[in-house]
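> make a model of this:
(4 chains)
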There are 4 protein chains.
Amino acid sequence: MGTTTPQRVGFLGMGLMGSRMARTLLRKGFPVTVWNRTRSRAEALVADGAKVAATPADVMAEVDVACSCLSTPAVLEEAVDGPDGLFRKARAGQLFIDFSTISPTLARSLEERARRLGVDFVEAPVTGSKNGAEKGTLLLMVGGTKEAVARCSGVFAAVGEKAIHCGPVGAGAQVKLAGNALIASMLQGLGEGMLLATKAGVDPAKLLEVVQASGYRSPYFEFKGGALLRRDFSTHFAIDLMHKDLTLFLEAAAAHRVPTPLAAAVREVYALARAAGKGEQDIGAVITVLEELLGTEIRPAS
Amino acid sequence: MGTTTPQRVGFLGMGLMGSRMARTLLRKGFPVTVWNRTRSRAEALVADGAKVAATPADVMAEVDVACSCLSTPAVLEEAVDGPDGLFRKARAGQLFIDFSTISPTLARSLEERARRLGVDFVEAPVTGSKNGAEKGTLLLMVGGTKEAVARCSGVFAAVGEKAIHCGPVGAGAQVKLAGNALIASMLQGLGEGMLLATKAGVDPAKLLEVVQASGYRSPYFEFKGGALLRRDFSTHFAIDLMHKDLTLFLEAAAAHRVPTPLAAAVREVYALARAAGKGEQDIGAVITVLEELLGTEIRPAS
Amino acid sequence: MGTTTPQRVGFLGMGLMGSRMARTLLRKGFPVTVWNRTRSRAEALVADGAKVAATPADVMAEVDVACSCLSTPAVLEEAVDGPDGLFRKARAGQLFIDFSTISPTLARSLEERARRLGVDFVEAPVTGSKNGAEKGTLLLMVGGTKEAVARCSGVFAAVGEKAIHCGPVGAGAQVKLAGNALIASMLQGLGEGMLLATKAGVDPAKLLEVVQASGYRSPYFEFKGGALLRRDFSTHFAIDLMHKDLTLFLEAAAAHRVPTPLAAAVREVYALARAAGKGEQDIGAVITVLEELLGTEIRPAS
Amino acid sequence: MGTTTPQRVGFLGMGLMGSRMARTLLRKGFPVTVWNRTRSRAEALVADGAKVAATPADVMAEVDVACSCLSTPAVLEEAVDGPDGLFRKARAGQLFIDFSTISPTLARSLEERARRLGVDFVEAPVTGSKNGAEKGTLLLMVGGTKEAVARCSGVFAAVGEKAIHCGPVGAGAQVKLAGNALIASMLQGLGEGMLLATKAGVDPAKLLEVVQASGYRSPYFEFKGGALLRRDFSTHFAIDLMHKDLTLFLEAAAAHRVPTPLAAAVREVYALARAAGKGEQDIGAVITVLEELLGTEIRPAS
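Okay, the predicted model is just below:
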């Protein structure tokens, strides 16, 4: 990706991902104005050089590019199109990049509303976990017009290792949701296998060793399988968020009349975890529901 | 893996995998006697230097090590313990390696029966597809006593790139079944995502590109995703066989009281494909059931 | 239920159910003003004594009680709160009864908005199929305040055999959705059993005979099982509508964090039917997707 | 059903059902010789007039008709064809009726083996719970030749209210398994609905009231729904047994290539219950797994 003269950047949402992405932008020389519903989480970035704004509209008043990374559609809607939303002080020619994971339908609606204000909208949901956000090595799934996407190159180069232009707005969201559904299936498939191995008296570390020596190996299995064996459930991606993404995936599937029996089944696994009060835990903990029913924990032999 | 003076090897089952493994053994200097239910498929290896035997028992009469790679438990039982089965002419001190994918229970039963005859039994289900069988680069999931497994080193070094000793007999089978269930979930997850993308007007090649640029990339996605985009459904692994393996996985899960909702859901996808008469097609074709219902084919944009 | 002096009734939505309910009200002496998006379907009731209004607002202008029975939330929203919606000409003291199957959330939102206008809102989703609508023998699942529900007694007595007051607004919707999810599971359970019986060479009529002689017999099995054996798929309840109701059920379940694995699985069966283009067919036809894959039809022996 | 001169009856298996059926036969005037693996449970019937035999073979030596009602295929096989099995002392002309729930395949195998000994075999799995066994009002799903079934009329009239001849041996088993899969779906469908209602603040008794006023009402919903509301989980039918029956149903479905996604999903619910150590509890308790995860119990409002 090419580089450009640092644009003045605004960033809405100082959560797990947003705060790290904003810090990365600051580190790479962008002037950044931040906003967060709970103001203290925004002020935590002042030490890194960030300016804090009182409302999304105030952010928009002083930047070239507004970015957002928010956890739910409702929060995003409010921050964008609410009474103090960024659209309230938008000017023709500005750029708005949303990094949240939302439905293709909402993404298209945001683009449409931005267009009426003369604002270019680009969706760019990300993957790469909080580590990638910290290091600026995220993978971006981009949707937008060629022209609008070209204007994002500076910001994308700062926060991401790679930006894949998937098509018009909505395409990035669709790819992102499919990717997350795939992740959920991979994790659940590995978890079921490791739990059955353990219960059957077989070292689950051997299953992981085989997987990683095979043609279906994946860095993700190394990452999550290793964490399962160490019982490290520190939160990279919360069960509630994955449940939301699986729900969005199933809604898109229903809208297009595509049956997705695997995604439906895996969403029910997340429903069990949420029922058990684990919604804020990492998706690695989803298998613990079955473990607790069984009274058996995945555990390496040695 | 170390090497040993070439043992006289017998090989039962000249299917997709067995015939290629036997040829690899011949190429690497082992004298090999082969047997197959349909004799012509055994005689096809005479040109490669194989000797053909009329029955499994006749194979056993003249080898140090008997190997088998057969498609169903019933065929295996007959070849091993039937009226002309290899156990009929087994001698104390022989070695019997089974490469088939069977249940842990059947594997343990074979070991027990072999032990009574003074025969060492080792299970070694394989992964790596027919290409790996041809090149001798399979991955072996080994179960057996340390002593018995040590005796397999020559054969294993010939057919496999890596042999992972998973534990006693049964452990290899358990790991293999879990691995196949994981493969089925990965493939179905990718297929659902690519089909929804296509139906939603998004290039499924973009999804594959994102997956392969991400932390959840896998050589398997490249292999199968690429084949899906090219609509190459040449058979590497038949739907009927995967359905059998998922059934064995679910049986083991039921025996150990482990709930495995994802594996249960994915097995039903294979049930749809079998209902549609696709049992002998490659597992890559499992998504075509949904495609045909929808009247939409996964297809890259260009 | 008691009776009252005939109220002037308005009715929005002349679909399968609404047109029959409106005719029943006319037959029982209520003056009825009807409205339908496609006007011709409203005019079809003029012969029965109905007056036709141009907009929902116009209906509201001349009635004591407005009723609605509409197929989707979007259509209902428009008819109620759109530019020509009934709320536009609502007067304090009027009564608004919605017979549609909607989410508890939407029902509560309608009540809230009605309250601001001084209008009493009652939800009363129905079951009993078009026959019940025609004869006035529907079962009503009522939600609302005691006072508001009491005001509905005349209308309820006309269209229904029984009205069960389930609780405040939202309770009727919740009960209705759970009832429909149960119906879908019963029908699919029967269909799977009859299809397997047929494929196994067993007369599916014997299964139905056993079911109906057993403690788990149900008039519904007689109705739908008999239709399946006669291959009578005339539409009483469309697959698309049941899919919508299962979706609303799953949304409510997600909102309350209740796992509902059966409902999730049965919704995927409806997704298969919709993918196959059967969305407008009767739910009895949902099993035909599996039949067509198998090339086997449920068929009695004789 | 007609009546005949009391045949000398043998009965294998004094479990929940068998002991009650044997008592009913005694009460109705049949001389009955009983056997049970744990002898004390057979001796409990001496007070009712039963004679106790030491082995199934000894039973067969002195009866005209041997009956069995055993919990698992393995126990049945042993009692029938083991070293002391009833086949050991079978005489040409005898009749053997099996009331167990087994696979169609095993039923046909028993018939084949009986035929070689000149023994008529009839399958007659039952439904109606322990109450029906006690009162002699069971429903029998009969498979066998016309001639063999005719010979069962006396016994059937004693233990059952109705015997439905479903076809040749195997047909009764197939119908029985389909019926049980249907029961499991009905119960789970009701449970999910009642649990969601409760969690949503709606009285689950209202759902049951609606169901029972509707066209999809069933005595089974009254029986089990009422028990759920009273939290009466006394064992009529154990979770382990239903799980076994669902497994047999899925095996038959796989053998005939019939996809049964609902049955597969409901079996996983039973897998959760078994994982939680509830295998010996009544199937009514299957929903308690979800209740415990949620920390919410189905409970009527008042």
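> what lies in contact with stretch A:284-293?
A:187-188, A:191-192, A:194-195, A:224, A:227-228, A:232-233, A:236, A:239, A:242, A:269-270, A:272-273, A:276, A:278, A:297-298, B:258-259, D:272, D:275-276, D:289, D:293 (Cβ atoms under 8 Å, 6 or more residues apart in numbering or on different chains). Yep, even glycine has a C-beta here, placed from its N, CA and C like the rest.
> so which bits of the stretch 201-302 of chain A are right by chain C?
Contacts of the stretch 201-302 of chain A with chain C, taken as Cβ under 8 Å from any Cβ of the partner chain, map to A:243, A:247, A:253-254, A:257-261, A:264-265, A:267-268, A:271-272, A:274-275, A:279.
> what do you get if the cut-off is 7 Å, keeping everything else the same?
A:247, A:254, A:257-259, A:261, A:264, A:267-268, A:271-272, A:274-275 (Cβ under 7 Å from any Cβ of the partner chain).
> those helices in the stretch 201-302 of chain A, which residues are they?
A:204-213, A:219-230, A:239-255, A:261-275, A:288-294 (DSSP state H, counting those that start in this stretch).
> pipe the ones you listed into CSV and attach distance to residue C:211 and mean neighbour count per row.
Shown next, in CSV, are the helices of the stretch 201-302 of chain A (distance: least, Cβ to Cβ, whole Å; neighbours: other Cβ atoms under 10 Å in any protein chain shown):
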stretch, distance to residue C:211, mean neighbour count
helix A:204-213, 43, 23
helix A:219-230, 45, 18
helix A:239-255, 31, 22
helix A:261-275, 27, 26
helix A:288-294, 32, 22
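> residue A:112: neighbour count?
Using other Cβ atoms under 10 Å in any protein chain shown, residue A:112 has 11 other residues around it.
> so it is in which element?
Using DSSP states H and E, residue A:112 falls within helix A:104-116.
> packing partners for that helix?
helix A:73-81, strand A:120-123, helix A:171-199 (3 or more Cβ pairs under 7 Å, 6 or more residues apart in numbering or on different chains; DSSP states H and E).
> the longest one and chain C, any residue contact?
Right, the one you point to is helix A:171-199. No - Helix A:171-199 lies apart from chain C when judged by Cβ under 7 Å from any Cβ; the minimum separation is 13.5 Å.
> near chain B at all, that helix?
Yes - with Cβ under 7 Å from any Cβ as the measure, helix A:171-199 is seen reaching chain B through A:171, A:174-175, A:178-179, A:181-183, A:185-186, A:188-190, A:192-193, A:195-197, A:199.
> enumerate the residues of chain A near chain D.
Going by Cβ under 7 Å from any Cβ, the residues of chain A near chain D are A:261, A:272, A:275, A:276, A:290, A:293, A:294.
> apart from its neighbours in sequence, what residue is nearest the fourth one?
Using Cβ to Cβ, 6 or more residues apart in numbering or on different chains and skipping the chain neighbours, the partner closest in space to residue A:276 is residue D:293 (4.5 Å).
> and residue A:236, what pLDDT?
Looking at residue A:236, its pLDDT reads 88.
> tell me how far it lies from residue A:132.
Plainly put, residue A:236 is 10 Å away from residue A:132 if you go by Cβ to Cβ, to the nearest Å.
> more neighbours: the two, which one.
residue A:132 (23 against 17).
> right, and that one touches residue A:140 too?
No - the pair residue A:132 / residue A:140 is not scored as a contact, 10.2 Å apart, by Cβ atoms under 7 Å.
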